[in-house]
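[1] Give me a model of this one.
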Amino acid sequence: MGDKLFLFLALAGILLVVAGCMIVTNPATKRKDIILIDDAQEVEIGRQVAAKVEKRYQVSRDPKLNSWVKEIGQRLAAVSERKNLEFEFKVLERKEINAFALPGGFIYVNKGLLAMVDDDSELAGVLGHEIGHITARHGIKKLQNQIGYSLLISILFKNNDTTRRIIDTAFTLISLGYSREDEFEADKLSVIYTYKAGYNPEGMVKFLQKLKQMEKREPLEIETFLSTHPPTSERIKRIKEEIARMIGKK
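    Okay, the predicted model is just below:
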């Protein structure tokens, strides 16, 4: 009993020390976060999840669409707080109106969403939102909350079984979306990035207004998008307020 207690206390001490060393100020949100994995580990998780995504869904070979998404995405990434990441932007052959981001800088946009976009500013708003999830580390923090201390243990002791579980869990979390506050925060960061990159931040408002119209006419077409995001009207309202604040700072 004494040996078990000693081992438990020793492990608890290690966990507290390591966790304490991993409290960082997020440059995008300005909050202090406990991050249990470094950038290199985050990229590796994202890369492995991306492989699973591309095994399940077909990546578009349309050079024009991929070039369009990549060009705007890289321009936005260049003004973000995580320029050290090598962002990747790809188009998926899916008709659903959706886009999503993986840890480490991997971003996917469905063809169905691109069919709704009329200009660069609208696409910039969507991509800026996904970049915001990555710069704010929403995916990594959600993964940490889901996995708990087993994530830290796998890092400390290089547990391959737990690592595989982390990848599988991250893949599953893609479809579940983020919290309302994470989504609103990604919208706010999108306004900042689009503005800094020289795009009209009103583009995201235009895109969401189209979605608002679709909610009335064809709700089933955007069912997945609506289920993983806050009410569209509230998003539009907050984005307009953020744009007004930004213009007021000029």
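[2] Identify the residue nearest the geometric centre of the protein.
    His133 (3.1 Å; CA atoms, centre = their mean).
[3] Secondary structure class of it, three-state.
    Following DSSP: H, G, I helix; E, B strand; the rest coil, we place His133 in the helix state.
[4] so who does it touch?
    The neighbourhood of His133, defined by CB atoms under 8 Å, 6 or more residues apart in numbering, consists of Ala101, Gly139, Tyr178, Asp182, Ala186. C-beta: built from backbone N, CA, C; applies to glycine.
[5] where along the protein do the strands fall?
    Ranges of strands within the chain are 23-25, 32-34, 88-92, 99-102, 106-110, based on DSSP state E.
[6] As JSON lines, the ones you listed with mean neighbour count would be great.
    Output for the strands of the chain, formatted as JSON lines (neighbours: other CB atoms under 10 Å):
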{"stretch": "strand 23-25", "mean neighbour count": "11"}
{"stretch": "strand 32-34", "mean neighbour count": "13"}
{"stretch": "strand 88-92", "mean neighbour count": "22"}
{"stretch": "strand 99-102", "mean neighbour count": "23"}
{"stretch": "strand 106-110", "mean neighbour count": "25"}
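[7] thinking again about what came up before, among the contacts of His133, find me the one that's closest to Arg165.
    Taking CB to CB as the measure, Arg165 lies nearest Gly139 of the contacts of His133, at 16.0 Å.
[8] Quick one: residues contacting the closest residue to that closest one other than its chain neighbours.
    Leaving aside its sequence neighbours, Gly139 sits nearest to Pro103 (CB to CB, 6 or more residues apart in numbering; 4.5 Å). Taking CB under 8 Å, 6+ apart, we find Pro103 in contact with Glu42, Val43, Ile45, Gly46, Val49, Ile134, Arg137, Gly139, Ile140, Leu143, Ala170.
[9] Start from the N-terminal end of the chain and give the helices.
    2-21, 39-56, 63-77, 111-114, 120-135, 138-147, 149-157, 160-173, 180-196, 202-217, 223-227, 232-248 (DSSP state H).
[10] what would these look like in a markdown table with distance to Ala28 and mean pLDDT?
    Formatted as a markdown table, the helices of the chain follow (distance: least, CB to CB, whole Å; pLDDT from 0 to 100):
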| stretch | distance to Ala28 | mean pLDDT |
| --- | --- | --- |
| helix 2-21 | 21 | 50 |
| helix 39-56 | 14 | 92 |
| helix 63-77 | 12 | 98 |
| helix 111-114 | 23 | 96 |
| helix 120-135 | 4 | 98 |
| helix 138-147 | 10 | 85 |
| helix 149-157 | 22 | 55 |
| helix 160-173 | 20 | 70 |
| helix 180-196 | 6 | 96 |
| helix 202-217 | 17 | 88 |
| helix 223-227 | 23 | 56 |
| helix 232-248 | 14 | 91 |
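[11] re the thing from before, can I get the contacts of His133 in a markdown table with distance to Val205?
    Shown next, in a markdown table, are the contacts of His133 (distance: CB to CB, whole Å):
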| residue | distance to Val205 |
| --- | --- |
| Ala101 | 21 |
| Gly139 | 25 |
| Tyr178 | 20 |
| Asp182 | 20 |
| Ala186 | 15 |
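[12] Can you check what pLDDT the model gives the nearest residue in space to Ile140 that is not next to it in sequence?
    Residue nearest to Ile140 in three dimensions, not counting chain neighbours: Pro103, with 5.1 Å by CB to CB, 6+ apart. Note for Pro103: predicted pLDDT of 93.
[13] And Pro103, how far from Lys240?
    Distance, Pro103 to Lys240, using CB to CB, to the nearest Å: 30 Å.
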